[in-house]
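Q: Any chance you could fold what I've pasted below:
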Amino acid sequence: MSPSHPARPALAKLGLWWLLLTPAVRLSGSDLMGEGVGHPPPRTPGDPTLPSCPTVSAPRAPHTQAEDRLFKHLFGAYNRWARPVPHTSDVVIVRFGLSIAQLIDVDEKNQMMTTNVWLKQEWSDHKLRWNPAEFGNITSLRVPSEMIWIPDIVLYNNADGEFVVNHMTKAHLFSTGTVHWVPPAIYKSSCSIDVTFFPFDQQNCKMKFGSWSYDKAKIDLQPMEQTVDLKDYWESGEWAIVNATGTYNTKKYDCCAEIYPDVTYYFVIRRLPLFYTINLIIPCLLISFLTVLVFYLPSDCGEKITLCISVLLSLTVFLLLITEIIPSTSLVIPLIGEYLLFTMIFVTLSIVITVFVLNVHHRSPRTHNMPHWVRGAFLSRVSRWLLMKRPLPPLELHGSPDLKLDPPYYWLETNVDAQEREEEEEEEEEEEEEDRWVPSPSTGVLYSHGGLHQRLSCPKAKAPLQKGRLLLSLRMQKALEGVHYIAEHLRSEDADSSVKEDWKYVAMVIDRIFLWLFVIVCILGTVGLFLPPLLAGMI
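A: Reported below is the predicted structural model:
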């Protein structure tokens, strides 16, 4: 007898173990077709608790066996590509509903609405019916949706992304043949944005669902509910859903002769305007009211034009921000855009008016003559209408003394009269002197009772005195003429200053006119911004 190979006992034991474990392997393989059935823990050949052959081949749980048999019964000869109807002429009725979980975003620029929805679909499949009594009273079963026939429901007005459902969840089967399938999906649907009342706007967006391949003779849709299910809706911080209803429609397209049904859901969403009110509308209103201060700013400060240009640049920046938000459409202009554009026009006009006011403010009698109608209109009537009261000049306020400067000729004539009186007195003295002197005919010597004297020529003696008096009178005359010139110059300066003050007051009246005009315009513009959406019920 030949000696046995040392590996033979091990091989014999391995074959024995294989025979013992074969039923268990088959059992675990059959359990893969069911749901909720756990696998037995792995066991090693050396495990002392290893059961004997009769224990391993014990019968499985009745429920697991029933599900295995049910799967074999349902999907043994099931064709997932054929419509679930007994006859070809029959129509598959698909009950369709929509449940929205979140309104993710509304893109005004690209005119898209992004939503997270659940598509509720229900139909009857006669090939998936069973008798619960024959399969352990199992009334429902969940199977992968790839194993059964499902309708090709797509979003017609898809703007970006997938038209069909990407995440293929399991379908819920009932013993009556009813199939219930609720897959989640994130859709980007096209939506026509109306920005007339931005940011107090209300949008009407729709989502149109229907079969892409089958017409109404093959698949017909039936809405589950007349409204969108909002039970699981997560509130958005920017939009609020006012209403969401669904309607059933049929349409014949140009491409095909058949009629295709669809279920269209209309969403009425309203923007929550708090963010734009704080960050856009209130700053715009404040900057617009700064235009009013341009006409209250004094012309002498030299900052009127600077303030106008600063306000204009600020409004331009806000207008650029609005153009980045709203869609690029030429159909409508938002109210806030109209308000900013209207304010920009008025700011531009304020710059033109300010230039004119500064020109009037710096006028003088040397460059412009004030017309009588300007003096009568702006200095009298219009100023009273605007409740403007011009203060009195200082001389009129305190009373001016009645002092007048006499002409210099009065002083000049007084000096001449004094000189004439002196000359008359000297002539009288000379006549008395001649009466005492007796002239000699031959010698020309004057004889008197007291002795011999020669008469001096009186005109020569009086010449220096008369010349000094004449020089004194010329200097006084020039001085008086200088004083007279200064007085006349001061009078002229006072007159020019008075006319300049009149021009400045006219400029002030013009500023006050446009001040009240711009106040009225800003108030009307603000009312015009909020009144239409208020009347439309959007605020």
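Q: Report all helices and strands that the helix or strand harbouring T250 contacts.
A: Applying DSSP states H and E as the criterion places T250 in strand 239-252. In terms of contacts (3 or more Cβ pairs under 8 Å, 6 or more residues apart in numbering; DSSP states H and E), strand 239-252 is packed against strand 92-107, strand 219-223, strand 259-271. Any C-beta I mention is one placed from the backbone N, CA and C, and that applies to glycine too.
Q: Only C-alpha atoms, please: export the last one in PDB.
A: In other words, strand 259-271. Extracted C-alpha coordinates of strand 259-271, given in PDB (Å, rounded to 0.1, in the frame of the first residue of the first chain):
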ATOM      1  CA  ILE A 259     -51.400  66.600 -29.800                       C
ATOM      2  CA  TYR A 260     -49.200  66.700 -26.700                       C
ATOM      3  CA  PRO A 261     -50.500  67.300 -23.200                       C
ATOM      4  CA  ASP A 262     -48.600  69.200 -20.500                       C
ATOM      5  CA  VAL A 263     -49.100  70.400 -16.900                       C
ATOM      6  CA  THR A 264     -48.000  74.000 -16.400                       C
ATOM      7  CA  TYR A 265     -47.400  75.500 -13.000                       C
ATOM      8  CA  TYR A 266     -47.500  79.200 -12.600                       C
ATOM      9  CA  PHE A 267     -45.500  80.800  -9.700                       C
ATOM     10  CA  VAL A 268     -46.400  84.300  -8.500                       C
ATOM     11  CA  ILE A 269     -43.400  85.500  -6.500                       C
ATOM     12  CA  ARG A 270     -42.800  88.800  -4.900                       C
ATOM     13  CA  ARG A 271     -39.500  90.400  -4.100                       C
END
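Q: as a whole number, average confidence for it?
A: Rounded to a whole number, the mean pLDDT of strand 259-271 is 94.
Q: next helix or strand past it?
A: Downstream of strand 259-271, the first helix or strand assigned by DSSP H and E is helix 274-276.
Q: in the helix or strand just after that following helix, what's buried?
A: Note on helix 274-276: by DSSP H and E, the next helix or strand toward the C-terminus is helix 282-294. Buried residues in helix 282-294, counted by 16 or more other Cβ atoms under 10 Å: 284-285, 287-292, 294.
Q: Now do helix 282-294: everything it contacts.
A: Contact partners of helix 282-294, identified using Cβ atoms under 8 Å, 6 or more residues apart in numbering, comprise 304, 307-308, 311, 314-315, 318, 336, 339-340, 343, 346-347, 350, 354, 515, 518-519, 522, 525-526.
Q: Point out the ones among those residues that are inside helices.
A: Residues of the contacts of helix 282-294 located in helices (DSSP state H): 304, 307-308, 311, 314-315, 318, 336, 339-340, 343, 346-347, 350, 354, 515, 518-519, 522, 525-526.
Q: Filter those down to the buried ones, PyMOL style.
A: Selection command for PyMOL covering only the buried members of those, criterion 16+ other Cβ under 10 Å:
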select buried, resi 304+307+308+311+314+315+318+336+339+340+343+346+347+350+354+515+518+522+525+526
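Q: roughly how far apart are F518 and A257?
A: 66 Å (Cβ to Cβ, to the nearest Å).
Q: circling back to that earlier point, could you dump the helices and strands packed on strand 239-252 into TSV and include mean neighbour count and distance to Q121?
A: TSV is the format used below for the helices and strands packed on strand 239-252 (neighbours: other Cβ atoms under 10 Å; distance: least, Cβ to Cβ, whole Å):
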stretch	mean neighbour count	distance to Q121
strand 92-107	18	6
strand 219-223	18	10
strand 259-271	19	11
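Q: need those strands in a markdown table with distance to F200, can you?
A: A markdown table is the format used below for these (distance: least, Cβ to Cβ, whole Å):
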| stretch | distance to F200 |
| --- | --- |
| strand 92-107 | 15 |
| strand 219-223 | 32 |
| strand 259-271 | 7 |
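Q: Quick check: which of those is nearest to R381?
A: Closest of the helices and strands packed on strand 239-252 to R381 is strand 259-271, at 50.4 Å (criterion: Cβ to Cβ).
Q: Hmm, W118 is touching I186, no?
A: No - in this structure, W118 is not within contact of I186 by Cβ atoms under 8 Å, at 10.8 Å.
Q: Need the pLDDT of the closest residue to V519 other than its chain neighbours.
A: Leaving aside its chain neighbours, V519 sits nearest to V292 (5.5 Å; criterion: Cβ to Cβ, 6 or more residues apart in numbering). The pLDDT attached to V292 in the predicted structure is 85.
Q: The nearest residue to S190 once chain neighbours are set aside: how many residues sit nearby?
A: Distances taken as Cβ to Cβ, 6+ apart place A159 nearest to S190, at 4.1 Å, with adjacent residues excluded. By the measure other Cβ atoms under 10 Å, the count of residues near A159 is 16.
Q: From A244, how far off is A159?
A: 19 Å.
Q: again, but for V182
A: From V182 to A244 the distance is 18 Å (Cβ to Cβ).
Q: what ranges do the helices span in the protein?
A: Remark: helices assigned in the chain by DSSP H are 8-31, 53-56, 62-75, 274-276, 282-294, 304-325, 335-361, 372-376, 382-385, 394-398, 408-436, 458-535.
Q: rewinding a little: who has more neighbours out of V182 and A244?
A: Taking other Cβ under 10 Å, V182 and A244 do not tie; A244 has more neighbours (19 against 15).
Q: which residues sit in contact with the more buried one?
A: A244 neighbours (Cβ under 8 Å, 6+ apart): 100, 227-228, 230, 265-268.
Q: Now the two most distant members of these.
A: That would be L230 and Y266, which, of those, are the farthest apart (Cβ to Cβ) at 13.9 Å.
Q: hmm, back to that, which of the buried residues of helix 282-294 sits closest to L155?
A: Each of these was checked against L155 using Cβ to Cβ; the closest is C284, at 38.3 Å.
Q: returning to that earlier point: which one, of the helices and strands packed on strand 239-252, ends up nearest to W234?
A: Closest approach to W234 among the helices and strands packed on strand 239-252 is made by strand 92-107 (4.6 Å; Cβ to Cβ).
Q: quick one: average pLDDT of the closest one?
A: 94.
Q: With stretch 120-134 instead?
A: Per-residue scores along stretch 120-134 average to 93.
Q: Now that stretch: buried residues?
A: Buried residues in stretch 120-134, defined by neighbour count with 16+ other Cβ under 10 Å: 120-125, 127-128, 130.
Q: Touching it from outside, list them.
A: When contacts are defined by Cβ under 8 Å, 6+ apart, stretch 120-134 is touched by residues 70, 73-74, 78, 84-86, 92-99, 138-139, 148-151, 153, 173, 175-182, 224, 229.
Q: and the residue lying closest to S213 once chain neighbours are set aside, what is it in contact with?
A: Nearest residue to S213, sequence neighbours excluded (Cβ to Cβ, 6+ apart): D152, at 5.3 Å. D152 makes contact with 164, 211-214 under the criterion Cβ under 8 Å, 6+ apart.
Q: Of the residues you listed, grab the buried ones for PyMOL.
A: To isolate the buried members of the contacts of D152 in PyMOL, using 16+ other Cβ under 10 Å:
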select buried, resi 211+214
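Q: So which of the contacts of D152 is the closest to E493?
A: Using Cβ to Cβ, the contacts of D152 come closest to E493 at V164, 92.7 Å.
Q: I322: neighbour count?
A: 20.
Q: if I look at it, how far off is V332?
A: Taken as Cβ to Cβ, the span from I322 to V332 is 13 Å.
Q: W181 now?
A: Distance of W181 to V332, given as Cβ to Cβ: 42 Å.
Q: Tell me which of those two has more neighbours.
A: Applying other Cβ under 10 Å to W181 and V332 shows that W181 carries more neighbours, namely 22 against 16.
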